[in-house]
Structure formats: structure tokens, C-alpha cells
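[1] Okay, predicted coordinates and the sequence, questions at the end:
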There are 2 protein chains.
Amino acid sequence: MTSPLTLVSENRSFGGWHRRYRHAATSIGCNMTFAVFLPPQAEHGPVPVLYWLSGLTCTDENFMQKAGAHRVAAELGIAIVAPDTSPRGAEVPGDPEGAWDFGHGAGFYVNATQAPWKDHYRMHDYVVHELPALVEANLPVSPRRGISGHSMGGHGALVCALRNPSRYLSVSAFAPISNPMDCPWGHKALSRYLGENRESWREWDACELIVGASERLPLLVDQGEADSFLAGQLKPDALARACAAAGHPLNLRRQPGYDHSYYFIASFIEDHLRHHAAALRG
Amino acid sequence: MTSPLTLVSENRSFGGWHRRYRHAATSIGCNMTFAVFLPPQAEHGPVPVLYWLSGLTCTDENFMQKAGAHRVAAELGIAIVAPDTSPRGAEVPGDPEGAWDFGHGAGFYVNATQAPWKDHYRMHDYVVHELPALVEANLPVSPRRGISGHSMGGHGALVCALRNPSRYLSVSAFAPISNPMDCPWGHKALSRYLGENRESWREWDACELIVGASERLPLLVDQGEADSFLAGQLKPDALARACAAAGHPLNLRRQPGYDHSYYFIASFIEDHLRHHAAALRG
């Protein structure tokens, strides 16, 4: 049987391997590229895995190149899988206005219901179901899953874990879009992918999902206080209020001076990896 | 007095600051951008500094974003300064053929003697003299200097240290172009910047300079064994032979499976930073 994965490139890194694979993604109807870091321990059998969801404009490459995560993942024996941030390709509609905050690079990790997006923009299904099944069947990666991400990907990580608590052992986020129903990035994306009926947006908003969460997976969230998107787009206070009201465990760390960049992520990724490892390694 | 430095951007990183500055570079006759990482210790006074020289096509940004060096530099209390890899601007001639291995992004850290390059391509003077003087006068950075780099920048680091041993306390390199007189990248650059007289090339070739070195600063060199440029361009064996013949101390580490990418640099940068810190912190 031939592998459904086509190796695009590989680099030795911290005694493990960074690899990029291409495959036909059936849930979103296009070819997709994702990256994986396999720690040295994966040579001896399946290892737990952290799924990382990147933010607006990113691909599978940004986190792997800039977060400095391989060192600690290699120490802890954890794989990292980084998908792309949207479906892509000539057959996938993008933003008709050509902006960077919708369409290609901006899938928002939802399952779209509206034309012309609904055929491809089903990143939630891809990230939660298709990609893990593919990875677990073809790479030395176990179903012991954590999930994390940044900005749009932080929103994605929180929503994936809150909607599918049985599929994840741990969750964290960097500067997540905490309340997409109530910010410009979220309005733009949700009104197009899901339509103008705001009721349908609730199931893709962490602050709304926390109210009725069936499991209380503790949230670790880092937020830079010098992040230029903090008040207008990210709204950590809304997340804090929702968690307090619902009794949901939240460790929200406000980091003075830090912005929205990968320098912020790199500064605190070790804490997140150790948070995930504590749950993933059992 | 106004500062000669214009702040382009800044990011908090590992308790310190990553900053990019722009300034008028008199030794090379154009405006230049460089990056600096200032560790937390720099808030209390000048700290030792590692100058990092990047490879072909890079700017000041690649190393800062991809090497994962800030964490260890913050721990050790060492600043890192990363210049651009060539003079740039509309007034600076590039490669007439538009290639990536000569001209903009490919200054080779020499002082050119040939028209039309000689007015601007004086990166050796810029890196060894102008930039340190500027940094030491305007930032909390001391004259305790180390130098390192990658590929073309590894060549640059070795040549800067060998030609100016009194100005550096430590030197190292990743996958350096060890013997530019005897490889295609070096031929192309040296024949244009310095002219066809190969005798003039000797003073810009680490293997040649090691023969007559007046001081024997120990070299730490990492080289990936899966580096696709190893045999054709980098020639670590020539460096090993030159060091052995001259009695020059060399720790050449051949790393199985590693390639020419920043994943290789990130995997071993901690060892290099500790090598420099041992000399710089005295």
C-alpha cells in the first residue's frame, strides 16, 4: 500500500526530525501541506503529540521556524504537528477583496456553512479528525493529543478542545481571539463562513462554549500586555469573565512588555510544552 | 546630541529586547539596518557581545527569528548584534545577472577594490570597525567581542577574527565557506570584488590566514554531514588541514544528518553561545 503522505522536505533538528508532508485532504477538498517535529524518542515507538494552530497569514512553517519549540519537545519526547491555516489552491475561493484576514491563510478553524466557502473551509473537521487519523496511521504518533495555538490559532485551539474534550488531554493558547463574536476579525470571518445569523456563531466562540462545557480541561493562556491587538481583537478579559462565571479553570498570564510576535511565543513556549507534557505523558 | 540610530522596531524577548536600528553607514556609503538582542542584564550596564554574520540572501532578521539564541543569551548576559549581509539601496550596485550569490545579500565581508563595487562593498570595515564603534557608543554593549556566523557569514567570522585578533575574544562558525579561493561561490565573489589577481584573495581566505596567524584563538566549527554544500562549497577538510599544519586549535564537530538550514544552527547555537561566554565573561 502506498502512503497517503508525500514527503516535501526534512531537516534534522535537536536529534529529531522536522518533516513537511503533502496529502490529499478529503474533508476540505484540496491538497494540504503540514509539518511535524518528531523527537528522538519517536524512533522507539509512538509518542504523544501537540497540535499547533497558527494565526492569520501563517502556513505550516512559521511555528516550526520561529518558536524554538523543538529543543523542549525533543527533551520531553513530544511530537508537534502544525497544519496550514486554511484550505489552499486555485480551486479554493479566497477573499474577494484580497485581504489577509479572510480566505486563504484565515480559515478560522470552523466548518463553513455558506457558499462559496462551505465546500473547502471545514478546517475544524480537518484539524480535529482527518489530520490526527492520518498522522496516527502513518507516523510514530499516538492518540494522546494536546492542542495549542496563537491568535486565530489560539481561538482554534480553545474551540477544538471545548467542542471535543474527549479528543484532547491538554489545551493552551497564546494571545487567542477569545471572543470572535465580539471583534472585527471574528465578525468578518464568521458572517461569511457561517452567515449573518449570529446564533450559529456561538458554537465557534470560546467564551460561549465555556458556559456549557461538559469537561473542565484547565486552560493555560499567555497574553502580552503590549500586544497591539489586545483590546480590539483578542479580549482576554472576556475569557476571564466567562471562565469565572462558569467555574472553568484558567491560568491567564499577562506578560508585561510582550507583543503579538513570535518573540513572545518563543519566550514562553517552554512553559506551554511542559504544561502539555504533564498531561500527555500521564 | 541626537542619536545616529533610528529605532525601526522592538520586541520584548526572554526578558530582554530585540531591536532593529537604521543608521547612515559611512564606511560603506549607504543606510543600513542591523538587529540587536539586549539581555536583561544590559539594564544594569554594558554587557559583552557576540557579532553574528549571516549567510547568502539573509538580512539582519533571519538569525534573530530562527536561531533560538535569545534564551541562552538572556541567561548568559550576552548581547547579540546581527548586521545585514551587504550594503543595500538603489545607489548600491547589485549582481548584473540578478543572481542571489553575488551583490545585494552577498557582500562576503570583504573590502572590495574593484569598480563598481569598491565604493560600497566594504563590509569588513563596517563589521569590524564602524558597527562596533556605533554600538558601543550608543547601546549598553561593551568592547568584549566575540564573532560567529553561518556559511558566507562563517567565512566572515573566521576572517574577521584571524585578521583582527586583538578585537575579538572568541570566534566560532557554522558550516563556513572555509576556503573561498577554492570554491564556486568564492571564485565568483572574490574575482569581482577583488579582481582576477588571485594573490589578493589570500587575505580573505581562512585557510590562508591561519598559516600566518599571529594569535591562536581557538576555533569552534559545526558542520552538518548532510549539508548539500559541504563538498562543493564549504570544504571543512581544507580548514582541518590548514589548522593541523599551522598548529591552530580547531574543534571541528561533524554532525550526522544535519543540513545547511537554521534547524541545524538552532540545534547547536547553545554550545556556541557557551563557548563565547566562557571567553567574553572572563
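    Now that the structure is in, tell me what you want to look at.

[2] which parts of chain A sit against chain B?
    Those residues of chain A that sit near chain B, judged by Cβ under 8 Å from any Cβ of the partner chain, are A:11-15, A:18, A:65-66, A:68, A:70-71, A:224, A:226, A:255, A:257-259, A:261-264, A:266-267. (C-beta placed from N, C-alpha, C; glycine too.)

[3] what are the ranges of the helices in the stretch 151-282 of chain A?
    Along the stretch 151-282 of chain A, the stretches classed as helices by DSSP state H, counting those that start in this stretch are A:152-163, A:184-193, A:206-211, A:236-246, A:262-280.

[4] Please enumerate the strands of chain A.
    A:6-13, A:16-25, A:30-38, A:47-53, A:79-82, A:141-149, A:170-174, A:219-224, A:250-255 (DSSP state E).

[5] shaky segments in the stretch 51-200 of chain A?
    Counting by pLDDT under 70, the stretch 51-200 of chain A shows no low-confidence range.

[6] before we move on, the earlier item: so which of the helices of the stretch 151-282 of chain A gets nearest residue A:113?
    helix A:184-193 (7.3 Å; Cβ to Cβ).

[7] Run through who's touching that closest one.
    The contact list for helix A:184-193 (Cβ atoms under 8 Å, 6 or more residues apart in numbering or on different chains) reads A:56, A:101-102, A:106, A:108, A:110, A:112-114, A:117, A:121, A:152, A:155, A:177, A:179-181, A:201, A:204-205, A:232-233.

[8] Narrow those to those that are buried.
    A:56, A:101-102, A:106, A:108, A:110, A:112, A:117, A:121, A:152, A:155, A:177, A:179-181, A:201, A:204-205, A:233 (16 or more other Cβ atoms under 10 Å in any protein chain shown).

[9] now, of the helices of the stretch 151-282 of chain A, which is deepest in the fold?
    When you average the neighbours per residue for each of those (mean count of other Cβ atoms under 10 Å in any protein chain shown), helix A:152-163 leads with a mean of 28.

[10] relative orientation of that helix and strand A:170-174 in degrees?
    150 degrees (axes from the mean of the first three to the mean of the last three Cα atoms, to 10 degrees).

[11] ok, and for stretch A:211-220, which residues are buried?
    A:213, A:217, A:219, A:220.

[12] So what sits opposite the last one in the bridge?
    In this structure, residue A:220 has the following beta-bridge partners (DSSP bridges): residue A:172, residue A:251.

[13] Kindly reformat the buried residues of stretch A:211-220 as a markdown table containing pLDDT.
    Formatted as a markdown table, the buried residues of stretch A:211-220 follow (pLDDT from 0 to 100):
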| residue | pLDDT |
| --- | --- |
| A:213 | 90 |
| A:217 | 94 |
| A:219 | 98 |
| A:220 | 98 |
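
[14] picking up where we left off before, out of the helices of the stretch 151-282 of chain A, nearest to residue A:44?
    Nearest of the helices of the stretch 151-282 of chain A (Cβ to Cβ): helix A:262-280, 16.5 Å.

[15] ok and that closest one relative to strand B:6-13, angle-wise?
    Using the same axes, to 10 degrees: helix A:262-280 against strand B:6-13 is 10 degrees.

[16] Any chance you could list what contacts helix A:262-280?
    A:48-50, A:62-63, A:66-69, A:72-73, A:76, A:78, A:144-146, A:148, A:150, A:169-170, A:172, A:174-175, A:220, A:222, A:224, A:227, A:253, A:255, A:258, B:11-15, B:18, B:65, B:68, B:70-71.

[17] if we go to 7 Å?
    A:48, A:50, A:62, A:66-69, A:72-73, A:76, A:78, A:144, A:146, A:148, A:150, A:169-170, A:172, A:174, A:220, A:222, A:224, A:255, A:258, B:11-14, B:18, B:65, B:68, B:70 (Cβ atoms under 7 Å, 6 or more residues apart in numbering or on different chains).

[18] That'll do, ta.
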